[in-house]
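Q: predicted coordinates and the sequence they were generated for:
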Protein chains: 2
Amino acid sequence: MKETNDGVLEFPAATGSRARGRVRVGYLGPPGTFSEQAARTYDRAARHVAFRDIAGVVQAADSGDVDEAIVPLENSTEGPVTLTTDLLVHHTDLRIRREVILPIHHCLLTEGSVDLDEVKVVYSHPQAIAQCRASLARLVPNAEAVASLSTVSAVQDMQIEGPGAAAISSWRAAEVLGAFVRASPIEDVPGNRTRFVVLARKDHEPTGRDKSSICFDFAADGPGTLYLSLGELADRGINMLKIESRPAKSSLGRYIFLIDLEGHRTDPLVAEALDRIRERASSFKILGSYPKAATPET
Amino acid sequence: MKETNDGVLEFPAATGSRARGRVRVGYLGPPGTFSEQAARTYDRAARHVAFRDIAGVVQAADSGDVDEAIVPLENSTEGPVTLTTDLLVHHTDLRIRREVILPIHHCLLTEGSVDLDEVKVVYSHPQAIAQCRASLARLVPNAEAVASLSTVSAVQDMQIEGPGAAAISSWRAAEVLGAFVRASPIEDVPGNRTRFVVLARKDHEPTGRDKSSICFDFAADGPGTLYLSLGELADRGINMLKIESRPAKSSLGRYIFLIDLEGHRTDPLVAEALDRIRERASSFKILGSYPKAATPET
């Protein structure tokens, strides 16, 4: 793998001549990450372009180097991906065009058919190790957990170490890097999912089963300002799907509110409610309208 | 360090005879963690007892093995600590008695006075490495970043490796484990803070400068239910300080709302508003009333 100056990770598969003319979707690389799985779930035929960090993915879509960016927005266990939220609120005019909900499963990988009792070391990202502690005690009772920088580099660390090593990673990393899946899923608490969003210059046209994401804040801190704004939704029978407050970076004690609501921004009642909220807000932004994703079986 | 079966990490300093009779405060160990810094900021004279995970800290306070538990609740960069939130909502009757807001600073540590140009490897938790990438390129241009399981074990990994190694950790870990702070703070984006809460059997008596944390959900999903509940606060001039929705574990599409509001639960207007919200809610819980912490300079 070769890292270029602008943070693109170059891989032969992504730069071959077969890729020309296809939609280019940027994601947080390298291949084998959950972001790559999300990109493949979203559009398997697209040309998937790996970047070193989330900011790089978004910048590439901003500048037109890729057509779309797929980025993680929230995880059911870890909560919101604050970095992505802040990029959306403050640093890009891209819109949310789609959402993709991916079940997050960890697998135990080895190089060959080594006896699991003989495994002495298991590599993974500390978060993945923490999420699989009970399974590891059962599956590889004689192994010590050792940290890697990511679940993908864990597979490489395992391959460098040789027999006697295992890794916690995804089935896709096993496929990309050539390792054996010995047990899956191995996370101690089931139901872990990450919600990804696809960012593009335009959001999605109405489909009849849509949601919209907005953010706003208020100059005045009166207790009723948020209440009055939510009233604009409630009075029109518009369902709120999610609400989150984030500290505004400008000053302490001021908040930005992020809301997901049912309906498309071009639906007359939604449009009217959003106009009323915009009038009251100090800053206001429609992050996008897009079809609701089905929640997958885990 | 010795780990006992019930998840307590035993250290000579915490079990000596000088400790008897003092308030026992449980925290996420080992010594040197940001949780230990928060415990010392909160009550330097207390006996600080380290646990292996956050659930263990809370269980110990539940069973009376410690008097109070100090746990991280949200980070300004990473967002809410979902595990702590879920424990508070679902698995304990402990109340929030205090909040402590701790600036999170990373430091570059070495064993001795080694020339930083000679440093070949820097250990830390992947999250800390990611947060200090630009500083590392400047300070230790010839070093490769290598993952450790925590910022505390990074210092131990550095000490095992010997000269030529550095670590990203806290000043407190440097103090506890005996390392030199070569540069501080080294995080690329300033202003990183974590909000800890102190859990105990009783919350705090009124001080005149208090806040209260509550959580609730609704059986009916009507768009107006949250709106009407917030109206109970707005109608009484009670300021909402924070709002967050979390998916209810019981069924998809149902949410639990977590709200911080100004005032003590025994203030007559607050008590009245909370009673009205409780009447409308399917489940309702007061997580505690406690003095507002000052936000520290970073």
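A: Noted; the coordinates are in hand. Quick caveat, the model's predicted, so the values are computed rather than measured. Residues are numbered from 1 along each chain as shown, chains lettered A, B, ... in the order given.

Q: relative to residue A:127, how far out is residue A:108?
A: 16 Å (C-beta to C-beta, to the nearest Å). For the C-beta atoms, the positions are set from N, CA and C on the backbone; glycine is no exception.

Q: when the two are compared, which one has more neighbours?
A: Set side by side, residue A:108 and residue A:127 show more neighbours around residue A:108, with 26 against 19, by other C-beta atoms under 10 Å in any protein chain shown.

Q: ok, the more buried one - contacts?
A: Contacts of residue A:108 were listed using C-beta atoms under 8 Å, 6 or more residues apart in numbering or on different chains, and they are A:116, A:122, A:132, A:135-136, A:139-140, A:166-168, A:181-184, A:186.

Q: list the buried residues for stretch A:36-46?
A: A:36, A:37, A:38, A:39, A:40, A:42, A:43, A:46 (16 or more other C-beta atoms under 10 Å in any protein chain shown).

Q: ramachandran coordinates for the last one?
A: Dihedral pair for residue A:46: phi -70, psi 160, per degrees, to the nearest 10.

Q: swap in the first one?
A: In terms of degrees, to the nearest 10, the main-chain angles of residue A:36 are phi -70, psi -40.

Q: these two touch, right, it and residue A:25?
A: No. Residue A:36 lies out of contact with residue A:25 (C-beta atoms under 8 Å); the separation is 9.9 Å.

Q: which residue is the nearest non-sequential neighbour of residue A:244?
A: Excluding the flanking residues, the one nearest residue A:244 by C-beta to C-beta, 6 or more residues apart in numbering or on different chains is residue A:258, at 4.6 Å.

Q: over to residue A:231?
A: residue B:227 (5.8 Å).

Q: can you list the residues that contact the helix or strand encompassing the one you found?
A: Element membership for residue B:227 (DSSP states H and E) is helix B:224-234. Residues outside helix B:224-234 that contact it (C-beta under 8 Å, 6+ apart) are A:223-224, A:226-228, A:230-231, A:233-234, A:240, A:243, B:216, B:218, B:239-240, B:257, B:261, B:273, B:276-277, B:280-281.

Q: which other helices and strands contact the next helix or strand after it?
A: Where DSSP H and E defines the elements, the next helix or strand beyond helix B:224-234 is strand B:240-247. Here strand B:240-247 touches strand A:240-247, helix B:82-86, strand B:255-262, going by 3 or more C-beta pairs under 8 Å, 6 or more residues apart in numbering or on different chains; DSSP states H and E.

Q: show me the beta-bridge partners of the nearest residue to residue A:41 once chain neighbours are set aside.
A: What sits nearest to residue A:41 in space, not counting adjacent residues and going by C-beta to C-beta, 6+ apart, is residue A:100, at 5.6 Å. Per DSSP bridges, the residues bridged to residue A:100 are residue A:196.

Q: per-residue pLDDT of residue A:100, please?
A: We have a pLDDT of 96 for residue A:100.

Q: for residue A:289, same thing?
A: So residue A:289 comes in at 98 (pLDDT).

Q: could you do residue A:5 as well?
A: 46.

Q: do the same with residue A:160
A: So residue A:160 comes in at 95 (pLDDT).

Q: could you give the angle of the helix or strand that contains residue A:72 to strand B:240-247?
A: Here residue A:72 is covered by strand A:68-75, with elements defined by DSSP H and E. Angle of strand A:68-75 versus strand B:240-247, following axes from the mean of the first three to the mean of the last three C-alpha atoms, to 10 degrees, is 100 degrees.

Q: just checking, what packs against strand A:68-75?
A: The criterion is 3+ C-beta pairs under 8 Å, 6+ apart, and the helices and strands that strand A:68-75 contacts are strand A:24-28, helix A:34-42, helix A:54-63, helix A:82-86, strand A:95-103, strand A:193-200.

Q: tell me the strands beside the next helix or strand after the last one, with direction?
A: The element immediately downstream of strand A:193-200 (helix or strand, assigned by DSSP H and E) is strand A:210-217. For strand A:210-217, sheet partners with direction are given as strand A:255-262 (antiparallel), strand A:283-291 (antiparallel), following DSSP bridges.

Q: go through these and name the closest to residue B:147.
A: Residue B:147 lies closest, by C-beta to C-beta, to one member of the strands paired with strand A:210-217: strand A:255-262, at 31.6 Å.

Q: quick check: angle from that closest one to helix A:225-234?
A: 10 degrees.

Q: ramachandran coordinates for residue A:107?
A: phi -130, psi 150.

Q: same question, residue A:201
A: phi -70, psi -30.

Q: just the one 3 residues further on next, same as before
A: Main-chain torsions, residue A:204, degrees, to the nearest 10: phi -100, psi 150.

Q: what does the stretch 51-200 of chain A put close to chain B?
A: Within the stretch 51-200 of chain A, the residues that sit near chain B (C-beta under 8 Å from any C-beta of the partner chain) are A:53, A:76-83, A:125-126, A:129, A:145-150, A:153.

Q: need the contact list for the residue nearest to residue A:244.
A: Counting by C-beta under 8 Å, 6+ apart, the residues that residue A:258 touches are A:85, A:89, A:213, A:214, A:215, A:242, A:243, A:244, A:245, A:246, A:287.

Q: with neighbour count and distance to residue B:196 as extra columns, can I get these in TSV?
A: Shown next, in TSV, are the contacts of residue A:258 (neighbours: other C-beta atoms under 10 Å in any protein chain shown; distance: C-beta to C-beta, whole Å):
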residue	neighbour count	distance to residue B:196
A:85	19	22
A:89	19	26
A:213	24	31
A:214	23	32
A:215	20	27
A:242	17	26
A:243	19	24
A:244	22	21
A:245	20	19
A:246	20	19
A:287	24	31
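
Q: what would the residues you listed look like in a markdown table with distance to residue B:266?
A: Output for the contacts of residue A:258, formatted as a markdown table (distance: C-beta to C-beta, whole Å):
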| residue | distance to residue B:266 |
| --- | --- |
| A:85 | 36 |
| A:89 | 37 |
| A:213 | 38 |
| A:214 | 37 |
| A:215 | 35 |
| A:242 | 32 |
| A:243 | 27 |
| A:244 | 29 |
| A:245 | 25 |
| A:246 | 30 |
| A:287 | 40 |
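
Q: list the contacts for residue A:33?
A: By C-beta under 8 Å, 6+ apart, the residues touching residue A:33 are A:27, A:150, A:151, A:152, A:170, A:172, A:173.

Q: an error on my part: the question was meant for residue A:126.
A: Neighbour list for residue A:126: A:147, B:125, B:126, B:147, B:148, B:149, B:150 [criterion: C-beta under 8 Å, 6+ apart].

Q: try it again at 10 Å.
A: A:145-149, B:125-127, B:147-150, B:153 (C-beta atoms under 10 Å, 6 or more residues apart in numbering or on different chains).

Q: in strands, which of these appear?
A: A:145, A:146, A:147, B:147 (DSSP state E).

Q: farthest pair in those?
A: Pairwise over the ones in strands among the contacts of residue A:126, using C-beta to C-beta, the maximum falls at A:145 and B:147, 11.3 Å.
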